[in-house]
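Peer 1: would you be able to build a 3D model of this:
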Amino acid sequence: MTQQPYPYSAPVPPPPPSGRWQPERVDPVPGTEFGLVQLRVEPITSGLAIGSLLAGIAAILVSFLVLCFGLLGADGGWGALVAGAFTLLSVIGGVGAIVVGLVARRQIRGSGTSGQVRFTGRGLAIAGISCGAAGAGIALGALALALVLQLSSSGT
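Peer 2: Sure, this is the predicted structure:
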């Protein structure tokens, strides 16, 4: 009769990780049979970058309203006034998109060290900065055009 060296069975290994929780590394704790598990953190798209892009697109859309109202109201004498109000809105949105985009780029650049959340979306942040600048520029150009058209139509 053979005798087993130990009266219990071999330990059962833990099930393989599933879903989002996957270990990045396991550090053994000295003097014990335990280990410290550091989980891998999935990258997250920066909300600031998304907000920057949305604000930039809104600035472009509002700048086209500046152009439309400036052209339509030039003969009536109200075009420059309404275009000026929408220009203010477009410039505020464009500057906001630029500022938030720059903050998002800094957030993305500073993230990703071991054990921290890694942010992605650098391209979204750059697109938001570009759209914000384009929207503010188009709005200011359209306001200048509306003022020139209104002054030329009132002078004749």
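Peer 1: where does residue 56 land in three-state SS?
Peer 2: In the three-state summary, residue 56 is assigned as helix, counting by DSSP: H, G, I helix; E, B strand; the rest coil.
Peer 1: for it, give me its contacts.
Peer 2: Residue 56 makes contact with 93-94, 97, 101, 127-135, according to CB atoms under 8 Å, 6 or more residues apart in numbering. C-betas here are computed from N, CA, C, even on glycine.
Peer 1: same deal with residue 40?
Peer 2: With CB under 8 Å, 6+ apart as the criterion, the residues that contact residue 40 are 22-24.
Peer 1: now neighbour count and pLDDT too, for these, in TSV please.
Peer 2: Rendered in TSV, the data for the contacts of residue 40 read as follows (neighbours: other CB atoms under 10 Å; pLDDT from 0 to 100):
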residue	neighbour count	pLDDT
22	12	75
23	11	76
24	11	76
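Peer 1: let's see which of those residues end up in strands.
Peer 2: Among the contacts of residue 40, the members falling in strands (DSSP state E) are 23-24.
Peer 1: would a markdown table of the contacts of residue 56 with pLDDT be doable?
Peer 2: Formatted as a markdown table, those follow (pLDDT from 0 to 100):
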| residue | pLDDT |
| --- | --- |
| 93 | 97 |
| 94 | 97 |
| 97 | 98 |
| 101 | 98 |
| 127 | 98 |
| 128 | 98 |
| 129 | 98 |
| 130 | 98 |
| 131 | 98 |
| 132 | 98 |
| 133 | 98 |
| 134 | 98 |
| 135 | 97 |
